[in-house]
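Asks: Turn this into a structure:
(one chain, ligands or ions: 1)
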Amino acid sequence: MAHNIYQSLTEKKQRNKKSFAVLIDPDKVNDDNMEELIQLSLDAKVDYFFVGGSLVISSYLNECVQYIKRSCDIPVILFPGSPSQVSKYADGLLYLSLISGRNPELLIGQHVVSAPIVKKSGLEIMPTGYMVIDGGAPTTVSYISNAAPLPSDKNEIAMCTAMAGEMLGMKLIYMDAGSGAKRAINEAMIEKVASCIDVPLIIGGGITTPEKAYLNCKAGADLIVVGNAIEKDASLIKEISAAIHNVPVKL
Ligand code: 1GP
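Replies: Numbering: from 1, shown residues only. This is a model prediction of the structure:
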């Protein structure tokens, strides 16, 4: 079934309806544990699967996406750490530009190189202003990106970065403390950024509890991404999903 992912995200934003994405790192799953993960996600009414990672070593990406597509109708959105992580079997792709950094390769260089492949993929391409926020310790993304993360207490810099991203045409802003971050992004920064942009705001990195996911949504996040905590305890899917979907919706 074809999904119009971006349209549904903007429609949900207008109604203050929050979404939950389970992040799947193809290096950490296999056919044996995928079944349970998908069943738990279906039961919990997870909105999206994000698939990808800053560093994907295995060649399980295509199989992983195909496995999900065979098993359920939850849209699969690629969250690629590099141009090699494009799978035509997914539904959409976050076309990430690392706007918090000053590494030209991740702002535009890799996009130029991979443009023909991405265009031909048939995926729904969603230009995304990607902002890595300092999560208290180096994460894979902060190391691999070769760019300084945005300081976690500089809310004004985050605000101006997101505003610039939106005015440059980014359709989504994704603030990420990095997978397994010691410290998730604080609500004050989320509130500041959410108050000055109109496009949907994705928040991830170091979220480990339903309470934190709920507070992030109340502060203005539209879509919460959780990976690491779920890898450790898949039963969290249900509680986190319930917390996110419990945020009151505008009638
Ligand atoms: C990382 O935002 C994602 O890029 C999710 O982070 O794995 O810490 O949940 P976690």
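Asks: Quick one: distance of the lowest-mean-pLDDT helix or strand in the chain to the chain centre.
Replies: Every helix and strand in the chain was compared by mean pLDDT, DSSP states H and E; the lowest is helix 140-144, with a mean of 89. Relative to its chain's centre, helix 140-144 lies at 16 Å (CA atoms, centre = their mean, to the nearest Å).
Asks: Would you mind pulling the contact partners of whatever helix or strand comes next after that helix?
Replies: Using DSSP states H and E, the helix or strand that follows helix 140-144 in sequence is helix 155-167. Outside of helix 155-167, the residues within contact range by CB atoms under 8 Å, 6 or more residues apart in numbering are 97, 99-100, 129, 131, 133, 150-151, 173, 175, 188-189, 192-193, 195-199, 201. C-betas here are computed from N, CA, C, even on glycine.
Asks: Can you flag the buried ones in those?
Replies: Buried members of those, scored by 16 or more other CB atoms under 10 Å, are 97, 99-100, 129, 131, 133, 150, 173, 175, 189, 192-193, 197, 199, 201.
Asks: Now go through these and say which are in strands.
Replies: The strands, defined by DSSP state E, take in S97, G129, M131, I173, M175, L201 from those.
Asks: leaving aside the residues next to it on the chain, what's closest to the third one?
Replies: The reference is to M131. S100 (4.0 Å; CB to CB, 6 or more residues apart in numbering).
Asks: Report the buried residues of the least confident helix or strand of the chain.
Replies: V141, S142.
Asks: confidence score at whichever residue of the chain sits closest to the ligand?
Replies: Of all residues in the chain, G204 sits closest to the ligand, at 2.3 Å by CB to the nearest ligand atom. Looking at G204, its pLDDT stands at 98.
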